[in-house]
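Novice: one predicted model, sequence on top.
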Amino acid sequence: MFYQDIGIQLFYRDRFPQQVASATEEIPLPKPVYKTQFLKPVVETRPTPPKFDVFPAASGPSLFEAINKIADDTLPKIRTDLGDCTRCKLHRGRTKLVFGDGNPKAELVFVGEGPGRDEDAQGLPFVGRAGKLLTQMIEAMGLQRQDVYICNVVKCRPPENRTPEKDEVETCSPFLLRQLDAISPKVIVCLGSVAAQTLLETNRGISHFRGEWLDFRGRKLMATYHPAYLLRNPSAKGEVWKDLQKVMAALGLQGKKSSQAGKSS
């Protein structure tokens, strides 16, 4: 399935068996032979080799190839380079650009989809209702918000909190990749489909790989449901808590023994 995700439907085809020309049959000579016989050389005929399908190269560089790792990159430098961004249409309706927040050397980074109304007003990620639930989840893991780093795929609020469009993601995601490289966390947790699909470069729904350890540039990546989804579907909190327990085990965290993050509101 992975090859289908990156657009390769067939990467190997059995060769057609080539017919090997039979050896030249022995030509009987007349008896008796009084003169030297000169025989014409027998020319072997081989079947025309089959033409194999050649799949065209991708029309453009992948998301990972679109940006090279910048030596000695830092979050302040990335923020400066982002500036008062007007690179995509999302800037037209924003109040404040939401870059990210937290520990610049965090071992754990949470990546969401994009800012909502409260985030747009305050310029900080995950400060609304979904943000409060995320804070509870982080604390249940035995951490504080200042111990982790939180950011989004796009830095400006999409109108009416709609899903970011492809061109908006492609424009903004290089800054996300720089953030992840600069922080160099041990674990990345993708909150929701947009974050997971962006980093994994896939169109598959999050239910196909939620709760599984995946690789992102040599780092552990875990995809789980977005806190906003949990507000609409409280029954899924237990599944998210199981995912976070895997993250805790990878980071050596004990968490709060009395916490029931998967059941809390």
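Specialist: Arrived safely.
Novice: only C-alpha atoms from now on, for both contacts and neighbour counts.
Specialist: Noted.
Novice: which other helices and strands contact the lengthiest helix in the chain?
Specialist: Across the chain, the helix with the greatest residue count (assigned by DSSP state H) is helix 166-183. Other elements packing on helix 166-183 under the criterion 3 or more CA pairs under 8 Å, 6 or more residues apart in numbering; DSSP states H and E are helix 75-82.
Novice: once you drop chain neighbours, what's closest to Arg204?
Specialist: Computed as CA to CA, 6 or more residues apart in numbering, the closest residue to Arg204 that is not its neighbour in sequence is Gln197, at 7.2 Å.
Novice: the one you found touches His208, doesn't it?
Specialist: No: using CA atoms under 8 Å as the test, Gln197 is too far from His208 to be in contact (11.2 Å).
Novice: quick one, which of those two is more surrounded?
Specialist: More crowded of Gln197 and His208, by other CA atoms under 10 Å: Gln197, with 16 against 9.
Novice: that one and Thr224, how far apart?
Specialist: Distance, Gln197 to Thr224, using CA to CA, to the nearest Å: 12 Å.
Novice: next: Asp243.
Specialist: Distance from Asp243 to Thr224, by CA to CA: 7 Å.
Novice: between the two, which contacts overlap?
Specialist: Overlap of the contact sets of Asp243 and Thr224 (by CA atoms under 8 Å, 6 or more residues apart in numbering) consists of Gly211.
Novice: may I have the phi/psi pair for the residue nearest to Arg204?
Specialist: Dihedral pair for Gln197: phi -70, psi -30, per degrees, to the nearest 10.
Novice: can you pull out the low-pLDDT segments for the stretch 51-200 of the chain?
Specialist: 51-67 (pLDDT under 70).
Novice: what are the ranges of the strands in it?
Specialist: According to DSSP state E, counting those that start in this stretch, the stretch 51-200 of the chain carries its strands in the segments 101-102, 108-112, 149-152, 187-191.
Novice: using TSV, please lay out those together with mean neighbour count.
Specialist: Listed next are those as TSV, based on neighbours: other CA atoms under 10 Å:
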stretch	mean neighbour count
strand 101-102	16
strand 108-112	24
strand 149-152	24
strand 187-191	24
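Novice: right, and the ones you listed - which one's nearest Lys237?
Specialist: Lys237 sits nearest to strand 187-191 of all these, at 12.8 Å, using CA to CA.
Novice: quick one: strands adjacent to the closest one?
Specialist: Strands that pair with strand 187-191, judged by DSSP bridges, come out as strand 108-112 (parallel), strand 219-224 (parallel).
Novice: just send the ones you listed back as JSON lines, with distance to Ala249 too.
Specialist: Output for the strands paired with strand 187-191, formatted as JSON lines (distance: least, CA to CA, whole Å):
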{"stretch": "strand 108-112", "distance to Ala249": "12"}
{"stretch": "strand 219-224", "distance to Ala249": "12"}
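Novice: higher neighbour count, Asp243 and Thr224?
Specialist: The neighbour count for Asp243 versus Thr224, taken as other CA under 10 Å, is higher for Thr224 (25 against 21).
Novice: thinking again about what came up before, identify the contacts common to Gln197 and His208.
Specialist: By CA under 8 Å, 6+ apart, Gln197 and His208 have no common neighbours.
Novice: picking that back up, Arg178: which of the strands paired with strand 187-191 is closest?
Specialist: Per CA to CA, nearest to Arg178 of these: strand 108-112, 13.0 Å.
Novice: and the angle for that closest one with helix 166-183?
Specialist: 170 degrees (axes from the mean of the first three to the mean of the last three CA atoms, to 10 degrees).
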